[in-house]
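Colleague: Any chance you could fold what I've pasted below:
(2 chains)
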There are 2 protein chains.
Amino acid sequence: MQTDSLHREILELLQGEGKEVLIQEWAGSLQPYDLSEILNRLEHGQQLQLVSKIPESLVAETLEYLDPEQQYRILHHLDEGITARLLRQIPSDAVVDMLLAIHPLQSARLLDLLPRDYREKIDTLMTFPEDTAGSLATVDYISAREGWTVEEALQHIRKVGGEAEIISYVYVVNKRGELVQVVSLKEIILADPGTRLWELIAGDVIFVWADTPSEEAAKILSRYDFVALPVVDRHHRMIGMVTVDDLMDVIREEATEDMQKLGGSQPLSEPYFKTTVWSLFRKRIGWLLLLFIAEAYTGTVLRHYEETLSEVIALAFFIPLLIGTGGNTGSQTVSTLVRALAVGEVEFNDLIRVLQRELFAGLLLGLSLGGVAYLRALMLGVEFQLGLVVALSGFFIVIWASMVAAVLPLILHRLKVDPAVVSGPLITTLVDGTGLFIYFTIARLILHLS
Amino acid sequence: MQTDSLHREILELLQGEGKEVLIQEWAGSLQPYDLSEILNRLEHGQQLQLVSKIPESLVAETLEYLDPEQQYRILHHLDEGITARLLRQIPSDAVVDMLLAIHPLQSARLLDLLPRDYREKIDTLMTFPEDTAGSLATVDYISAREGWTVEEALQHIRKVGGEAEIISYVYVVNKRGELVQVVSLKEIILADPGTRLWELIAGDVIFVWADTPSEEAAKILSRYDFVALPVVDRHHRMIGMVTVDDLMDVIREEATEDMQKLGGSQPLSEPYFKTTVWSLFRKRIGWLLLLFIAEAYTGTVLRHYEETLSEVIALAFFIPLLIGTGGNTGSQTVSTLVRALAVGEVEFNDLIRVLQRELFAGLLLGLSLGGVAYLRALMLGVEFQLGLVVALSGFFIVIWASMVAAVLPLILHRLKVDPAVVSGPLITTLVDGTGLFIYFTIARLILHLS
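Modeller: Numbers count the residues shown, from 1 in each chain, chains lettered A, B, ... in the order given. I've put the predicted structure just below:
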């Protein structure tokens, strides 16, 4: 899509008089997402002008892709009747997001425009905490009654389907509003019109609770290859539906947060450029200070070995190399395991297996790097025995770092702490001091120092 | 789902005689994915026994969730007629995955069982390289002809929909097989039966090329909130359809790979426990050796300052602390920016803005950590001037690390190199040596050393 040229086109169209038909054609040839991108570039007055000239259904679909603040700025300036109709057409999860983002007084005013039963549903959705399936749920799903025929269900879909976000499933509820069955539109289309819905029952009803973490909901959805999941309360009453597009965003955001954590920062709550510098600072300084304090004990270790160090100054040359290598090894292991835990490939019960694997891998890595460390020591022109110290230290530090990095994430996972807090920087810091201890112990033994 | 108790149930059912009906009821009450989990736990003989007793359509849906090797082991032992019918019912992208995973002779034998036109389609799908939209495409989509009415399309869906993986869209092609329009099932259901499909045209046709990277296809799909995308060749001829479930997997796998890269390892091509220790070693040793060699120059830097160091041994105490802090700061910035680049929040053109932000954040972080570094130096009982050296070095090293970590990923992205190669370990290594240079330069200036 050529956003620039489309932008120019619409600016021209908006300037002329009586170009309603051309504007409608122009807008109709675009996907709602693309139209929202153009809308984003227009000034406020132009936005309202454009919105007033295209069909309401397209406006509703387009508004869905704008920021909550933008949505409100536009809705706020439209005629109340239009705003009310648009609110009814925007998927309810998007409406909830907007209402939670704007000022409570503003959102109260908008809610007043809605019919009472819909307002009550929206009110319920607004109560679910962030990061739960409930907070992502939309009430724009299709429900049916037990005992309906396929023909009746199809008629119902035709009647209410226009307002539904996804019509791929019909959720069958009983008189008490409890979810008893999920029928896919595919089954309905392919079945004989006279078939009763209950005759189509195929397999367990898969659902999530309103307080199921959204990350968990995403896992369930992709396990079964569904495009939406029903959300129920503790009495199995239907609350809404979470759709695959929202859960895809959840997967992306979770991955982003995990990466930021692995990098040693608290996760940002907004995209990079929406985060202020001050907030960047606050998200980073906490861990940096903590790591700084933890790292500070390396100074204590080194002061303890001050005499050893002054006897053989050359020992200092290898400090960054050895502890750096330990940190690198640990960082590799930690990032692999934190991710494997996040996607469910590894669990705490696998501890022994993981330890074995990382021990063997560590041995191989330690042998290789110990060998190279020895060569490096020779290149720096130190004597044979110091070379041996460096090589042995490299070997043991690499194995030690692998072990620490293998155990910590699994234990944290077991303790229900997000294993991603064991960041690369944390593991580096943890193995720095212990690495120095290994190094100087070996040095004293081999070089017979005090 | 209680896999254990279900497993016990089926073992009992399989032991008895004439329990066909009970077994069918038992299987019918499960989701295909759950059934596949049970099937995975059975021995080969039991698998075949179970498969022979449940309806073919359910077998096909269940096989889809098994490993390619497992799929083949089962299909291989069934009657050729059954195997042929099952192959036709399993989505073609899953069939392609299996055929590519088994021995070419085995896959040739299976292909021979398929009708010629379907075999040709499968052959085409098998030619697309991994990580492209073509390799994920299924030919089990619904196509329609221009000029059909909604009623005709619906009849067609009823006829062929059973074999389609997703029936949410109907792809309208012209006589040359070129994709001209995408109509959603929702539009068809809601429209008047007599409406022509072309009257339903709504917006641009969004599609991907067969060689579009699958990551890119995932971005397009989630941008427009679709559940499938049409895949076309260079002549716009319809090749197949990629579905949201496959693209969700792509998003997950990409995130996994990026995290492993950020941790300083080459990405694993298999889940953790399917990767051999030897392969873990090979994925890690490359970067470790490279980083080791890069880190080795820190030894050269230190040897250069040997005299300075021997004059004030206490300078060595702060080496791990200062370079560690630089590494941590760099790692935070890098992980944030690499991810922001991956999801498209940041581009190379934002370089100046990113630099400004990271410079200011670095200043704030440098001031805080410099201050704390000074306190730490006092606690270790060194003299005032050395404390000043440590504080100033901390300040400059943090800013320097932020800058390097901000610039590198953007430049790599510009050079079309995956920015995730700038791992935490790499940035740590890069700023270690330069950090030492900053430290000793400041030390010489303030302490008037040689």
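
Colleague: the strands in chain A, which residues?
Modeller: A:142-145, A:169-173, A:179-184, A:208-209, A:228-232, A:238-243 (DSSP state E).

Colleague: OK, contacts around the closest residue to residue A:215 other than its chain neighbours?
Modeller: In this structure, residue A:215 finds its nearest non-sequential neighbour in residue A:254, 5.3 Å apart by CB to CB, 6 or more residues apart in numbering or on different chains. All C-beta atoms are positioned from the backbone trio N, CA, C, and that covers glycine. By CB atoms under 8 Å, 6 or more residues apart in numbering or on different chains, the residues touching residue A:254 are A:215, A:218, A:342.

Colleague: so which of these comes closest to residue B:93?
Modeller: residue A:218 (21.1 Å; CB to CB).

Colleague: For the residue nearest to that closest one when sequence neighbours are not counted, give me its contacts.
Modeller: Of all residues not flanking residue A:218 in the chain, residue A:247 sits nearest, at 4.1 Å (CB to CB, 6+ apart). By CB under 8 Å, 6+ apart, the contact set of residue A:247 is A:136, A:214, A:217-218, A:221-222, B:248.

Colleague: let's see 10 Å
Modeller: Residues in contact with residue A:247 (CB atoms under 10 Å, 6 or more residues apart in numbering or on different chains) are A:133, A:136, A:214-215, A:217-222, A:226-229, B:244, B:248.

Colleague: And for residue A:364?
Modeller: A:398-399, B:277-278, B:280-282, B:284-285.

Colleague: so how far is residue B:204 from the residue of the stretch 1-150 of chain A found nearest chain B?
Modeller: When scored by CB to the nearest CB, the stretch 1-150 of chain A has residue A:31 as its residue closest to chain B, at 4.4 Å. Here residue A:31 is placed at a distance of 5 Å from residue B:204 (CB to CB, to the nearest Å).

Colleague: Pick out whichever of these two has more residues nearby.
Modeller: residue A:31 (21 against 13; other CB atoms under 10 Å in any protein chain shown).

Colleague: The more buried one reaches residue A:64, doesn't it?
Modeller: No: counting by CB atoms under 10 Å, residue A:31 does not reach residue A:64; the two are 11.8 Å apart.

Colleague: Give the intersection of the neighbour lists for the two.
Modeller: Joint contacts of residue A:31 and residue A:64 (CB under 10 Å, 6+ apart) are residue B:225.

Colleague: so what's the nearest residue to residue A:66 once chain neighbours are set aside up against?
Modeller: Counting by CB to CB, 6+ apart, the nearest residue to residue A:66 once its immediate chain neighbours are dropped is residue A:36, at 5.5 Å. Residue A:36 makes contact with A:30, A:61-67, A:70, according to CB under 10 Å, 6+ apart.

Colleague: circling back to that earlier point, which one among the contacts of residue A:247 gets closest to residue B:196?
Modeller: Scanning the contacts of residue A:247 for proximity to residue B:196, where the rule is CB to CB, the winner is residue A:227, at 27.7 Å.

Colleague: and the closest one, what pLDDT?
Modeller: On the pLDDT scale, residue A:227 is placed at 93.

Colleague: repeat for residue A:1
Modeller: 55.

Colleague: Around residue A:19, count how many other residues there are.
Modeller: 15.

Colleague: thinking again about what came up before, which of the contacts of residue A:36 count as buried?
Modeller: Buried members of the contacts of residue A:36, scored by 16 or more other CB atoms under 10 Å in any protein chain shown, are A:30, A:61-66, A:70.

Colleague: Inside helices: which ones of the residues you listed?
Modeller: A:61-63, A:70 (DSSP state H).

Colleague: So which of the residues you listed reach chain B?
Modeller: Among these, the residues that sit close to chain B (CB under 10 Å from any CB of the partner chain) are residue A:61.

Colleague: residues contacting the residue nearest to residue A:337 when sequence neighbours are not counted?
Modeller: Spatial nearest neighbour of residue A:337, chain neighbours left out: residue A:409 (4.7 Å); criterion: CB to CB, 6+ apart. For residue A:409, the contact set (CB under 10 Å, 6+ apart) comprises A:333-342, A:346, A:348, A:354, A:417-422, A:427.

Colleague: what do you get if the cut-off is 6 Å, keeping everything else the same?
Modeller: Residues counted as contacts of residue A:409 (CB atoms under 6 Å, 6 or more residues apart in numbering or on different chains) are A:337-338, A:341, A:419, A:422.

Colleague: on that earlier part again, tell me which of the strands of chain A lies nearest to chain B.
Modeller: strand A:238-243 (8.1 Å).

Colleague: Any chance you could give me the closest one in CSV, C-alpha atoms only?
Modeller: Extracted as CSV, the C-alpha positions of strand A:238-243 are listed here (Å, rounded to 0.1, in the frame of the first residue of the first chain):
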residue,chain,number,x,y,z
MET,A,238,-21.0,-17.4,29.0
ILE,A,239,-19.3,-14.0,29.4
GLY,A,240,-17.8,-13.5,26.0
MET,A,241,-15.3,-14.7,23.4
VAL,A,242,-11.6,-14.1,23.0
THR,A,243,-10.5,-14.0,19.3
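
Colleague: So which other helices or strands are in contact with that strand?
Modeller: strand A:228-232 (3 or more CB pairs under 6 Å, 6 or more residues apart in numbering or on different chains; DSSP states H and E).

Colleague: quick one: strands adjacent to the strand it packs on?
Modeller: Strand pairing for strand A:228-232, using DSSP bridges, gives strand A:208-209 (parallel), strand A:238-243 (antiparallel).

Colleague: Please work out which of these is packed deepest.
Modeller: Most buried of these by mean neighbour count (mean count of other CB atoms under 10 Å in any protein chain shown) is strand A:238-243; its value is a mean of 26.

Colleague: Now it: average pLDDT?
Modeller: For strand A:238-243, the per-residue pLDDT averages 94.

Colleague: now the angle from that strand to strand A:179-184?
Modeller: Here strand A:238-243 runs at an angle of 30 degrees relative to strand A:179-184 (axes from the mean of the first three to the mean of the last three CA atoms, to 10 degrees).

Colleague: chain center to the helix ranked longest in chain A, what's the gap?
Modeller: For chain A, the longest helix by residue count, based on DSSP H, is helix A:384-414. Relative to its chain's centre, helix A:384-414 lies at 32 Å (CA atoms, centre = their mean, to the nearest Å).
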